[in-house]
Structures are given as C-alpha cells and as structure tokens.
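Q: quick one, what's the 3D model for this:
(6 chains)
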Number of protein chains: 4
Amino acid sequence: MQVTARSVTSTARRAQILDATIALVAEEGFGKATFARIAEKAGLSSTRLISYHFAGKDDLVTALVDHVITGIGEHVGGRVMAETTARGRLRAYIEGVVTYADAHRAPMSALLQVAMSATADGGTSAPSDTSHLERILEDGQRQGEMRDFDAGVMATTVQRAVEVVPFRLQAEPDLDCTAYAAELIELFDRATRADA
Amino acid sequence: MQVTARSVTSTARRAQILDATIALVAEEGFGKATFARIAEKAGLSSTRLISYHFAGKDDLVTALVDHVITGIGEHVGGRVMAETTARGRLRAYIEGVVTYADAHRAPMSALLQVAMSATADGGTSAPSDTSHLERILEDGQRQGEMRDFDAGVMATTVQRAVEVVPFRLQAEPDLDCTAYAAELIELFDRATRADA
Amino acid sequence: MQVTARSVTSTARRAQILDATIALVAEEGFGKATFARIAEKAGLSSTRLISYHFAGKDDLVTALVDHVITGIGEHVGGRVMAETTARGRLRAYIEGVVTYADAHRAPMSALLQVAMSATADGGTSAPSDTSHLERILEDGQRQGEMRDFDAGVMATTVQRAVEVVPFRLQAEPDLDCTAYAAELIELFDRATRADA
Amino acid sequence: MQVTARSVTSTARRAQILDATIALVAEEGFGKATFARIAEKAGLSSTRLISYHFAGKDDLVTALVDHVITGIGEHVGGRVMAETTARGRLRAYIEGVVTYADAHRAPMSALLQVAMSATADGGTSAPSDTSHLERILEDGQRQGEMRDFDAGVMATTVQRAVEVVPFRLQAEPDLDCTAYAAELIELFDRATRADA
DNA sequence: CATGAATGAGCGTTCATTCAT
DNA sequence: TATGAATGAACGCTCATTCAT
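A: Coordinates of the predicted model:
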C-alpha cells in the first residue's frame, strides 16, 4: 500500500494549481500558460506559490501529463479489458477515448497541447505511446479475427484518429461524439477485420 | 491580375530567409526559431534584415506556410487529377503526400510544426484544410464506388494519417515510406469502398 | 556575568546547523550556502528551523565566525604564550595557524570564504584582526630582538601569508604544511630580526 | 596587425558599461553589481543594453578582468623589465603594483573583489597567477643574488602582500602607499637576499 | 520546540521590434 | 536596400523571511 508523502494542504494546493493550468492551456494554449497567468487564473497571490509546490515548470507539466493520462487510463482501461475479442477491444478503445474527450474536454485538450508543444520546442517528436494498441491488433491477427497488416501503422493511424477529437470539439462544441465514435469504429473495423 | 512590386534582390533575400527558417524549424523545432537563430542560420548580420523583408514574425510564418503548401499542392494536385475514379484519387492523394513528406522532409516537418505551434499559442485549433479530400470522398459516394460514411470524419482521419509521417521520419529516418503509403492505401480503401 | 538561556536541545540544533554550514561553505563556497542547501545538508525538514534558531542569515554567519575563531584562538593562543621571546612567538603563531588550517580544513576554509564574501557584498573591507600580531612585533622591537619596521605592514603581511594556506590546500590537498610553515617562519624571521 | 571587429560606437558603449561596473564593484562590492544597478550607474535606459553588448554576466566580468589586468601589466611590466637584477625586478614589481593600486583604486579594488567572489561562488580557489614572480625569484637564485627558498611559497606571499593594499586603501584612503611599498620592499629584500 | 505554507522582491536572460543612419 | 544600436516587457527561477499552528 502506498503512503502519500504529501500533506493534505499541499495536495489540495497542487490540485488547485494543476486545475488552473489545465483550464488555461485548454482555453488559451500552452504558449500562454506562464506562471504569471496560471497564478492569476488560480487566484494565487504570487507565482512563487507555484515554484513552491512544483520543482519547476517541467515538473508542473509532467504532473499535468501524469494526472490526465491516469484519468484516461482509468476510463479507457476498464472498458477495453471488459471485452474478450480483439475487435471488441479496438471498438472499446476508440469509444473510450472519444467519450472521455467529450466528457473531459479541458484535460484532454490540455494534454494534447502540451504534447504538441514538447514536440515543437525540442524538435524531438514525442508521439503518443501506441504499444497498447499494437498489442490489441497483434492479438487480433493471431486469433484470426484481423487481417494481415502492419500493426505499427494501424495503431498510429487509430491513435491519430481519436486524438483529433479534442481539436474538433474546440471548433465545434456541439459535435456529436457518439456518432463520431461510431464512424471511427466502423472505419477501423472494416480496415482491420479478416476477409469473410 | 496583381503584379508584385518585389525586386529580384528582395525576392532572393526572402527565399534565403525562408529556407533558413524551414531548415531551422525542421531541425530544432518552432520554439527555437527565433529571429536571432534564423539570422545566424541564414548568415545574416543582424535580425533587422528579417524585420525588413517581412512585416513581422506572423508574416514570416505565413509566407513559410504558403510556400510549403504551394509545393505540396503542385506535387499532389497533378497526381490526383490524373486519376479518373474516386478510389484512384484517394490512393493518389495518400501516396502523393507520403512521398512528398519523404522527398521533402524539412519543408513538410516545418509546416506541421508551425501548424502545431500556432494551435498551442493561440488556443485556436487550426486543423488542416480537408475540403479537397471531402470532395473526393463525396464524389466516390455519388458514383457508388464508396460506401455511406461521414465524409468529414473520414477526411480528417485520412489527413491525420498522412500528416504523421514527418514525425515518424524524424524518429526513424530509414522508414520505408513506400510500404507505409501502401499500408495506408489498403487501410482506407477497405474503410471506404462499397460492399461488393 | 551573563548566563545564556539556551537549552541543551537548542544548543545541539545550533551546532548541527553550524556544522552543516561550515561543511557546505568549505565544499561549495559561500555563494552556494543558501538556507535551502544548508537545511538539506543538515537533514532538516525545512529552512524554517534555521530561521528559528538564528535571528537571520547575518546571525548564522556571525555565529560561524565566532565559533571558528574561538577554535583557532584555543589552538594558537596557547602555543604563542608558551614562548618567551617575540621571535619565538611569531614563529609559534605562523606554525599554529598553518597547522590548524591543515588539521581543520573545513572550518578554516569556511571562515575565510565568509570573510571574503562579507567584503564582496558590503564593499566594506573586513580584514582580519592583526592587533595581536602587532603587539608581538612591537614587543620584539622594544626588546631589541627585531629591527625597526612598520608593525602594521608587517602584521598584515604575515596574516595574509598564513591565510592563503586554506586556498592552496583546496587546490593541492597533499600540500606539505609543515614545510610551508617552515618556509614562512624563515621568511619572516629574516624579514623582522635585528641585524647582527 | 590586428583588425578590430567592433565598431566605434560599440566599443564606446562597452567601455561606458565597463567603467560603471568597475566603479560600482569598487564602491559597493561585487554582490551589489547587478545589471539593474550597473544600468542605473551608467545612465542606461534598461539592462537590455548590457545584454546587448556583452554575451552575459560572465562575459562582462571576463571583460572587466581582462581590461584591468591589461592595465596593470602595462604599468608594471615595463618597470620590471627596465631592471637588470632579480632583486631590482622584485623591488620594481612590488613598487609597481602598489603604486598602481594607489593611482587606480577603483579598477584594482574591482579586480580583487571579482576574484574573491569567483572563489566564493564556485568553491574553486582561483588564486592570482604568480608564475611571473616565481620566474624572477628563480632567476635570482640562479644568479646567486637570492638565497635558497621555496619560490612558490615566496611568490604567493609577495602577491598576497601587495594585493592587500586596495583593501587597506578602502579603510584608510590617506594611506601612504610610497611608504607602504618601501616597507614591503625592505621586507622581501631581507627575506630573499643571499647571506653576505 | 518545531514545521509546512506562503510571500514579494529581485535575479540574469530572451524576445520581436523600432530607431536612426 | 541594408545595418548596428537600442528598447521594454516578459520569462522561469531563487532568495531570506514571516505567518499560523
């Protein structure tokens, strides 16, 4: 069992700062997420409070990413594992990520903007981890449910397809995500399933 | 018809600055593309020359985007129009963009990094224009070559699928783009074609 | 007579903080000796404990200086007083300080770095107290053991000569301090003694 | 022949900034020599001008050290070389440095404060270069003018003796440097000369 | 006696841009 | 057409210190 080394107050302050950062990044982009603006958004007296609770900007960003990814994992992981077939798992993954993006717009948007900015700054492309998706697809191929394709290419394409949803939601807040997910599910089912 | 008032010297200088910017963004990311670094890369004595030839950073970025998109359009447009069927045009589009990304890595990488940074800074998502793809897909549906799907979702998914190639090339410079294109072509042909 | 109101626990804590500060200054310089680093070195949970036991940074530094100077005084004072001639006392002083610097490297180094930083920050030169040395030299002149020279200049020069040892020890940890002291003793004996 | 790569204006501005820095360090210590204060002292509109003309604080400090050391070298070097004996050269060196410290108080004081602060910050002792002094002393020993002593110890002691003058001048602006130099000359002549 | 939390001022540095030739 | 010089705002971060418990 894990024992938290952080006090209650500290945890609350960190959450407050994290929430403000997520909201800010989602609304105005990562480029505008300076300590000054975060402090303002969170209602802090000075930026010093951020430096106090996080080792630096990198630490804050890392915490943000961890926080959001944990949330997604909890939402999507269960749904995927509840399925017994590879085609079912792929369907559950797509539906899970899209509905999460719909229900938690700010965190999802923030996560992707942070990932993009990391790519832009360092020059090193930091694409999303697709190993879990590849495993599902390779399982499907082994079980004969899915045809023979390059699992890496397919996984990347699926991931890119679901990751675009937050950006479309920003432009079209009333986007029907249920329908969007259904379209993607049909698309990738046809693209992956074994010939009859 | 509009005649540009730009002299030969000016045009050459603009091209020199643009090329340096493209190379810099492709190599080190948009975040590192400051006027100082661009001037250094282009061998200019001071950043003043950039401000002189471009109205500002926005203007420089806009010029970069226009320049690269024009190049892509020339490469891809012809190939697409040479095809007579919608399925053929979709295939030509995918193959065209992927081979362009392979043959012109720096401009393509720069373009996408700029697009990403614009999204990150302004908060306004600026997704790629997919209207041309949508038109191809809707044609295919009208002609009965393609099944009934949401053309917007499909177009976005195709576009996202091809746009990832520059990032994968950065991580894997020896990536087999011909095979990658073939995988995507098969993927989206299955996803879009009408049932037999 | 003044009785200190400090408890045993408080005294121990002060010593712990002082020792950590001395070690830190000796190893990394006064500039790196921030409250945060001292707390880390001493194994304290927060910097608050330092502020609690010392009125402020000035007080901490003053305590450090007093502590080290007392130690030197105990080491050197006895040796000097054991001598009966001025020449003997000068010899004992030089040997005492140099051997102390050799045996107690951290405190001696810390003391001098603190003195230097005080000079650098305030602009007020705070040279070491040389009145004890001057008294020895003037005694020697009165007794005819030493020639006629400016006792202030000579005292300052002796003091500067012995104070450099900690810095040379930092660069050359294997420096032969016994030989170094012998060289200085011969040097200043020749410089001060009365002509035969 | 050396061609200066710096423009007249730039050289003048650098000198202006350097002079202000020297004065500031001499008067208030290196710790107070922030960009803000230097800009104020030099009458600059913003600290940005300092960053513009110097690559950073390190560069500014390096330029200061080079500038002052060059000045000392010009003053002392000629006097030393004009002497033909080792004893004469040692005398000229001591007299040269002390009179320079008297005539150019601010630069000399600034130089030493900078050296001290470098020691304090990095923990690495950066003692003055004494190789030139050692060479004079070893020459004297070879020629039989000087007795057998450790040239390194003697050189360090001489250097420390002359370097203290700026600090004493700060406490005692009316100090008689001519007399001070004469005392040191007699002191080190006795300490070094061969027995009759 | 001890401590986590909070604070505002200040640091060097970077930025795109404008001024004056 | 070109250029060196200059600019002020903003950046993340560190500092010794104080508050409340």
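
Q: check chain A for its longest helix and report it.
A: helix A:57-82 (DSSP state H).

Q: return the set of buried residues in that one.
A: Judged by neighbour count (16 or more other Cβ atoms under 10 Å in any protein chain shown), helix A:57-82 contains these buried residues: A:Leu60, A:Val61, A:Ala63, A:Leu64, A:His67, A:Val68, A:Ile72, A:Val76, A:Arg79, A:Val80. (Glycine included, C-beta is placed from N, CA and C.)

Q: go on, stretch A:12-27?
A: A:Arg13, A:Arg14, A:Ile17, A:Leu18, A:Asp19, A:Ala20, A:Thr21, A:Ile22, A:Ala23, A:Leu24, A:Val25, A:Ala26.

Q: so which of the residues you listed belong to helices?
A: Going by DSSP H, the helices hold A:Arg13, A:Arg14, A:Ile17, A:Leu18, A:Asp19, A:Ala20, A:Thr21, A:Ile22, A:Ala23, A:Leu24, A:Val25, A:Ala26 from the buried residues of stretch A:12-27.

Q: looking at those, spot the one nearest D:Leu49.
A: When those are compared for distance to D:Leu49 (Cβ to Cβ), A:Leu24 wins out at 33.8 Å.

Q: return the residues in contact with that closest one.
A: Contact analysis of A:Leu24 by Cβ atoms under 8 Å, 6 or more residues apart in numbering or on different chains lists A:Lys32, A:Ala33, A:Arg37, A:Ile38, A:Lys41.

Q: adding neighbour count and secondary structure, write those out as JSON lines.
A: Formatted as JSON lines, those follow (neighbours: other Cβ atoms under 10 Å in any protein chain shown; DSSP: H, G, I helix; E, B strand; the rest coil):
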{"residue": "A:Lys32", "neighbour count": "15", "secondary structure": "helix"}
{"residue": "A:Ala33", "neighbour count": "28", "secondary structure": "coil"}
{"residue": "A:Arg37", "neighbour count": "15", "secondary structure": "helix"}
{"residue": "A:Ile38", "neighbour count": "23", "secondary structure": "helix"}
{"residue": "A:Lys41", "neighbour count": "18", "secondary structure": "helix"}
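
Q: out of these, which are close to chain B?
A: A:Lys32 (Cβ under 8 Å from any Cβ of the partner chain).

Q: buried ones in the helix or strand bottoming out on mean pLDDT in chain A?
A: When the helices and strands of chain A are compared on mean pLDDT, DSSP states H and E, helix A:105-122 comes out lowest with a mean of 86. Neighbour-count burial for helix A:105-122 flags A:105-121 (criterion: 16+ other Cβ under 10 Å).

Q: wait, doesn't A:Asp139 sit right on A:Ala86?
A: Yes - between A:Asp139 and A:Ala86 there is a contact under Cβ atoms under 8 Å: 4.8 Å.

Q: in terms of neighbours, single out the busier of these two.
A: A:Ala86 (22 against 16; other Cβ atoms under 10 Å in any protein chain shown).

Q: the more buried one reaches A:Glu145, doesn't it?
A: Yes - using Cβ under 8 Å, A:Ala86 is in contact with A:Glu145, at 5.0 Å.

Q: overlap of the contact sets of these two?
A: By Cβ under 8 Å, 6+ apart, no residue touches both A:Ala86 and A:Glu145.

Q: give me every residue in chain A lying close to chain C.
A: Close to chain C, as judged by Cβ under 8 Å from any Cβ, chain A has no residues.
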